[in-house]
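**Student:** Sequence first, predicted coordinates after that:
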There are 2 protein chains.
Amino acid sequence: MGRKKLEMKLIEDKSSRQVTFSKRRNGLIKKARELSVLCDVQIGVIVFSNSGKLYEFCSTGSFAKFLKDYQRHLELEATSMEGAKHKKMYQVDYSSFKSYAELLKVVETQLEGPNSKQLSLVDILELENQFTATLTQVRAKKRFLQTELMLDFLKALKKKEIMLKEENALLEREVEEMKNGVDMERRLRNHPYLHLVNSPRQATLSLLH
Amino acid sequence: MGRKKLEMKLIEDKSSRQVTFSKRRNGLIKKARELSVLCDVQIGVIVFSNSGKLYEFCSTGSFAKFLKDYQRHLELEATSMEGAKHKKMYQVDYSSFKSYAELLKVVETQLEGPNSKQLSLVDILELENQFTATLTQVRAKKRFLQTELMLDFLKALKKKEIMLKEENALLEREVEEMKNGVDMERRLRNHPYLHLVNSPRQATLSLLH
DNA sequence: CCTGCTATTTATAAGGC
DNA sequence: TGCCTTATAAATAGCAG
């Protein structure tokens, strides 16, 4: 939409890139605002140029409020999809998240501000407690995942073991047949797994690797 | 831009509001993508309808990465507008918050889902690291606040000490005058701080409490 | 770098399936 | 909800100042 159709790639000319950035950035934010008004939805847009400038739009006016709703959304999402047994046990407590954000905000404000240092300290202590608690939860989850990984690994090993046993049985049968005077040379050449090995024993070992 | 010009207010008809939401949401995200490509900038867009659905776009593909850059940006901003000394040193890192939420979401999703347990573990490890890091920051802040409180307390004590010294000097002068035969009874009755005490020594002690 | 101007391209409202 | 089509409103590329 302009004098010429633009290719969808980086605009080489630095000057016109800057102009386009400015125009389209405004356009984007305008669109976001319109959408939020027309359809009564919450929208947040963050743009930052690699030259370091930041532009943001938020339908609620305050980005903090927006993120609070975002968090609430995540909480609901998390709650609605619970139901499995142990999964719930190791679920990180989303709801405390919101209070982290809030506490941090409060604490930051009070640290910057000139007054009420005692309240600030109380908040920070609570904050520390909450972080410690969540860290504990996170670590529980970590252990859970690690255990699960290990179990999967063991399962895989068992499977491999079974495969190897079958393979050995097959090979043993072949050896038996060899003893009965069958042409060993031709059998080895046509074997699906043993083109480059010479003995049943080595073939087994190579599968282990 | 359509058959009719729309007023910039909530679309009353629920059905056409939904249609408009869908169309414009896609349009917005398309615009965001185009802008990010044409001008090589990072963009994040979060839309969530009041009916609870979430739509997001992020130029980097991963919202976590985006927020990391956002965080870096905020840090730089904070650094550039420093001026207050210690504040910077003990500033809690807000921006990492959002990535906590993001990471949590990722981890939660992957824990619930049937696949890629390894990725999940990586995420959880990163999560642990981040929590540990922030906990460190929070504790630094706590120490800072505690130190500051202590300094304030000491300052208050010093002030009191000075007041006491002045008071003592005043009292000593009065004692001197007493020795010179002035009416001690009346002086004590009219003294601003000593209505209920009998001697200069006791008056000093009561101020210490 | 911004502001304005216009020729063009895009986005999209309305309507139907 | 998703996808068409079409008429029309908006956005904007290139350029001038």
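**Tutor:** Arrived safely. Numbers count the residues shown, from 1 in each chain, chains lettered A, B, ... in the order given.

**Student:** Test my guess that A:Leu6 contacts B:Cys39.
**Tutor:** No. Contact status for A:Leu6 versus B:Cys39: not in contact, 11.1 Å apart, counting by CB atoms under 8 Å. Just so you know, the C-beta spots here come from the backbone N, C-alpha and C atoms, and that holds for glycine as well.

**Student:** Compare these two (neighbour count), which wins?
**Tutor:** B:Cys39 (21 against 14; other CB atoms under 10 Å in any protein chain shown).

**Student:** wouldn't that one be in contact with A:Lys23 here?
**Tutor:** No. Checked against CB under 8 Å, the pair B:Cys39 and A:Lys23 is beyond contact range at 10.1 Å.

**Student:** Name the residues of chain A found near DNA strand D, please.
**Tutor:** Chain A comes close to DNA strand D at residues A:1-4, A:6, A:16, A:19-20, A:23-24, A:26-28, A:30-31, A:34, as judged by CB under 7 Å from any atom of the strand.

**Student:** Recalculate using a threshold of 6 Å.
**Tutor:** Neighbours of DNA strand D within chain A, by CB under 6 Å from any atom of the strand: A:1-4, A:6, A:16, A:19-20, A:23-24, A:27, A:30.

**Student:** Let me know the closest of these to B:Gly61.
**Tutor:** Taking CB to CB as the measure, B:Gly61 sits nearest to A:Arg24 out of the residues of chain A next to DNA strand D, at 20.3 Å.

**Student:** which residues touch that closest one?
**Tutor:** B:31, B:34-35, B:38-39 (CB atoms under 8 Å, 6 or more residues apart in numbering or on different chains).

**Student:** Can you narrow the residues you listed down to the ones near chain A?
**Tutor:** B:31, B:34-35, B:38-39 (CB under 8 Å from any CB of the partner chain).

**Student:** Pass me the low-pLDDT residue ranges in chain A, would you?
**Tutor:** A:62-131, A:133-135, A:137-161, A:165, A:181-209 (pLDDT under 70).

**Student:** Show me the longest strand that occurs in it.
**Tutor:** In chain A, taking DSSP state E as the definition, the longest strand is strand A:42-48.

**Student:** Helices - which of the ones next to chain A among the contacts of A:Arg24 land there?
**Tutor:** When the ones next to chain A among the contacts of A:Arg24 are checked against helices (DSSP state H), the matches are B:31, B:34-35, B:38-39.

**Student:** how about those in CSV, adding distance to B:Asn168?
**Tutor:** CSV is the format used below for these (distance: CB to CB, whole Å):
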residue, distance to B:Asn168
B:Lys31, 76
B:Glu34, 78
B:Leu35, 73
B:Leu38, 77
B:Cys39, 73
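
**Student:** out of those, which are buried?
**Tutor:** Buried members of these, counted by 16 or more other CB atoms under 10 Å in any protein chain shown: B:31, B:34-35, B:38-39.

**Student:** ok, of these, which one's closest to A:Glu177?
**Tutor:** Using CB to CB, B:Glu34 comes nearest to A:Glu177 of those, at 69.0 Å.

**Student:** Quick check: chain neighbours aside, which residue is closest to the closest one?
**Tutor:** Distances taken as CB to CB, 6 or more residues apart in numbering or on different chains put A:Met8 closest to B:Glu34, at 6.4 Å, once the chain neighbours are dropped.

**Student:** how close does the one you found get to A:Ser36?
**Tutor:** The spacing between A:Met8 and A:Ser36, counted by CB to CB, to the nearest Å, is 26 Å.

**Student:** ok, those two, which is more surrounded?
**Tutor:** More crowded of A:Met8 and A:Ser36, by other CB under 10 Å: A:Ser36, with 20 against 9.

**Student:** what residues are up against the more buried one?
**Tutor:** By CB under 8 Å, 6+ apart, A:Ser36 lies in contact with A:42-43, A:59.

**Student:** which of those residues come close to chain B?
**Tutor:** Among those, the residues that sit close to chain B (CB under 8 Å from any CB) are A:42-43.

**Student:** tell me which of the contacts of A:Ser36 is nearest to DNA strand D?
**Tutor:** Nearest to DNA strand D out of the contacts of A:Ser36 is A:Ile43 (CB to the nearest atom of the strand; 14.7 Å).

**Student:** these two touch, right, that closest one and A:Phe57?
**Tutor:** Yes. The pair A:Ile43 / A:Phe57 is scored as a contact, 7.3 Å apart, by CB under 8 Å.

**Student:** If you check chain A against DNA strand C, which residue is the closest one?
**Tutor:** Here chain A gets closest to DNA strand C at one residue, A:Met1, 2.3 Å apart by CB to the nearest atom of the strand.

**Student:** Give me the distance between that residue and B:Gly27.
**Tutor:** A:Met1 is 12 Å from B:Gly27, by CB to CB.

**Student:** What of A:Gly2?
**Tutor:** 17 Å.

**Student:** higher neighbour count, those two?
**Tutor:** B:Gly27 (13 against 7).

**Student:** is it fair to say the more buried one lies in a strand?
**Tutor:** No. B:Gly27: not assigned to a strand; according to DSSP: H, G, I helix; E, B strand; the rest coil it is helix.

**Student:** What residues does it make contact with?
**Tutor:** Here B:Gly27 is in contact with A:Lys31 (CB under 8 Å, 6+ apart).

**Student:** re earlier: tally of neighbours for the residue of chain A closest to DNA strand C?
**Tutor:** 5.

**Student:** again with the one 3 residues further on
**Tutor:** The burial count assigned to A:Lys4 is 5, neighbours taken as other CB under 10 Å.

**Student:** Is it in a helix, a strand, or coil?
**Tutor:** Put simply, A:Lys4 is coil when judged by three-state DSSP.

**Student:** any idea how far chain B is from A:Glu167?
**Tutor:** A:Glu167 sits 28 Å away from chain B, going by CB to the nearest CB, to the nearest Å.

**Student:** and that residue, what helix or strand is that in?
**Tutor:** helix A:117-179 (DSSP states H and E).

**Student:** What is the neighbour count of the nearest residue to A:Asp40 once chain neighbours are set aside?
**Tutor:** The shortest distance from A:Asp40 to any non-neighbouring residue, by CB to CB, 6+ apart, is to B:Leu10 (5.4 Å). Neighbourhood size, B:Leu10 [other CB under 10 Å]: 10.
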